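Asks: turn this into a model:
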Amino acid sequence: MLKQRGLSLVELMITITLGLILMAALTSVFSATLGTNSRSLKLSQLQEESTAVMDLLVGDLRRAGYRGDAHLLVVDPDNAVAGFNNSIVVSQHPSEVAASCLLFDYDANNSSTHDGDPERFGYRLRDGQVQRRQAGAACGDAGWEGLTSPDLIQVDVLEFVLTERMLDAVNEQVVEVLMVVSLPSDSQISRELATEVVLRNAF
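Replies: As a prediction, this is how the structure comes out:
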């Protein structure tokens, strides 16, 4: 009859040590995976927020200078509404960097007349957020509407560059928009968005 033997103390200690090493390795991998997933989620959120704001800004800016009677600029320029002409202005809030505010007008209700403040639009950088113009406010005025929440997204740079260029004997205005954003909780997670908007209606 065979006599059964259990593990010796040394064998038991080796087994426990190997088990602890394996658990430590698994914990390390799990923690790294959680960290990567958390960072990916934050970057995804930052990308969605910044893209939505940029799309809104660019879509609005493309309408700059539009007027309902645009055909009159060709057939009867003397009677065309002039209120939307040369309405694009690049400026800044006194407490912000240069070229961080853009003002423009367009015929929002397609009435072929300039209705004043309701048809004055713009975007600016203020206190780390993108703001949209309200009631015809100037770049340095209060009363702008915040489009980004400082708790979710930190806007580090918002810059507008207005240039003119000749294309097939036609002079066109172009606005280059640069926006750099980061997470308030982790400035290492950032994103840069840049685009060029040709102003087809600017005169």
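Asks: next helix or strand past the helix or strand bottoming out on mean pLDDT in the chain?
Replies: Lowest mean confidence among the helices and strands of the chain (mean pLDDT, DSSP states H and E): helix 72-75, at a mean of 60. Next in sequence after helix 72-75, counting helices and strands by DSSP states H and E, comes strand 89-91.
Asks: buried set for that next one?
Replies: Within strand 89-91, the residues scored as buried using 16 or more other CB atoms under 10 Å are 90-91. Every residue, glycine included, has its C-beta placed from N, CA and C.
Asks: taking the centroid of this structure, which residue is nearest it?
Replies: Nearest residue to the geometric centre of the chain (CA atoms, centre = their mean): S50, 3.5 Å.
Asks: I'd assumed R191 was in contact with it.
Replies: Yes: assessed by CB atoms under 8 Å, S50 is found in contact with R191 at 5.6 Å.
Asks: list residues touching both of those two?
Replies: V181 (CB atoms under 8 Å, 6 or more residues apart in numbering).
Asks: now for the lengthiest helix in the chain, which elements pack on it?
Replies: Longest helix in the chain, counting residues (DSSP state H): helix 9-61. If contacts are counted by 3 or more CB pairs under 8 Å, 6 or more residues apart in numbering; DSSP states H and E, helix 9-61 sits against strand 120-126, strand 170-183, strand 186-199.
Asks: quick one: closest of those to L12.
Replies: strand 186-199 (45.0 Å; CB to CB).
Asks: walk me through which strands the closest one pairs with, and which way each runs.
Replies: strand 170-183 (antiparallel) (DSSP bridges).
Asks: for the strand it pairs with, list every residue counted as buried.
Replies: Buried-residue list, strand 170-183, by 16+ other CB under 10 Å: 173, 175, 177, 179-183.
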